[in-house]
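# Please find the sequence and the predicted model below.
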Amino acid sequence: MNEKAQVPIRKLAYEVTRADALAFTMLRHELSWWDKLRLLVLIGVAGLLAGLVPHEIGPVWWWTSIAAILGVAGIAAIAWTNLDVRRKAASLPVPAGRVTLQQWDDHISEHHAAGVRKVDYDRISHAVLTQGYVFIRAEAVPIIVPRRAFETMEDMQAFAADIDERSRRSAS
């Protein structure tokens, strides 16, 4: 057997924390129907309450009441969305301890204390590159590779581009 075939293209070692999972969930994503409905109901309730404020209390108190109702609704929407993002981050399985990521010609393997996860390139939709992370969107659980796993930013960019190219080639 060829010895070169048994050596991974790239090998990275790092640790993943809950903060890294939170960074993944903070990525821009489209609101689900439930998120949209929840915010719509919150806005509707605020509008209904604002509509119930009587005009007889005078313009200053009327505007103060309206501003207070809308302010509380805005704070509630931000808090509710923030809690939802944190709940989603807490539900992501984060490998405990040291993670070793090996990139091979046909797959990526993630080695950690809980075992080994092998992901073929055709199951990867794409790699998202940010200033601090490479998020590899694979199946339901992403592979999170923090910036600290790379020596330079150029290494990180090359890794993300290579993953994208290999997944694109394997999909076609």
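It's in.

# buried set for the longest helix belonging to the chain?
Longest helix of the chain, by residue count under DSSP state H: helix 59-91. Within helix 59-91, the residues scored as buried using 16 or more other CB atoms under 10 Å are 65, 69, 73, 89. All C-beta spots, glycine's among them, are computed from the backbone N, C-alpha and C.

# who's in contact with the first one?
Right, the one you point to is residue 65. Shown in contact with residue 65 (CB atoms under 8 Å, 6 or more residues apart in numbering): 50, 53, 57.

# right, and the helix or strand after the longest helix of the chain?
Note on helix 59-91: by DSSP states H and E, the next helix or strand toward the C-terminus is strand 98-103.

# Pairing partners for the helix or strand that comes right after that next one, with directions?
Using DSSP H and E, the helix or strand that directly follows strand 98-103 along the chain is strand 107-112. Using DSSP bridges, the strands paired with strand 107-112 are strand 98-103 (antiparallel), strand 115-120 (antiparallel).

# CA atoms only: put strand 107-112 into PDB for me.
Extracted in PDB, the C-alpha atoms of strand 107-112 (Å, rounded to 0.1, in the frame of the first residue of the first chain):
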ATOM      1  CA  HIS A 107     -13.500  13.000   3.800                       C
ATOM      2  CA  ILE A 108     -12.800  14.800   7.000                       C
ATOM      3  CA  SER A 109     -12.500  13.000  10.300                       C
ATOM      4  CA  GLU A 110     -13.000  14.600  13.600                       C
ATOM      5  CA  HIS A 111     -11.400  12.800  16.500                       C
ATOM      6  CA  HIS A 112     -12.300  13.600  20.100                       C
END
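
# Nice, that's everything, thank you.
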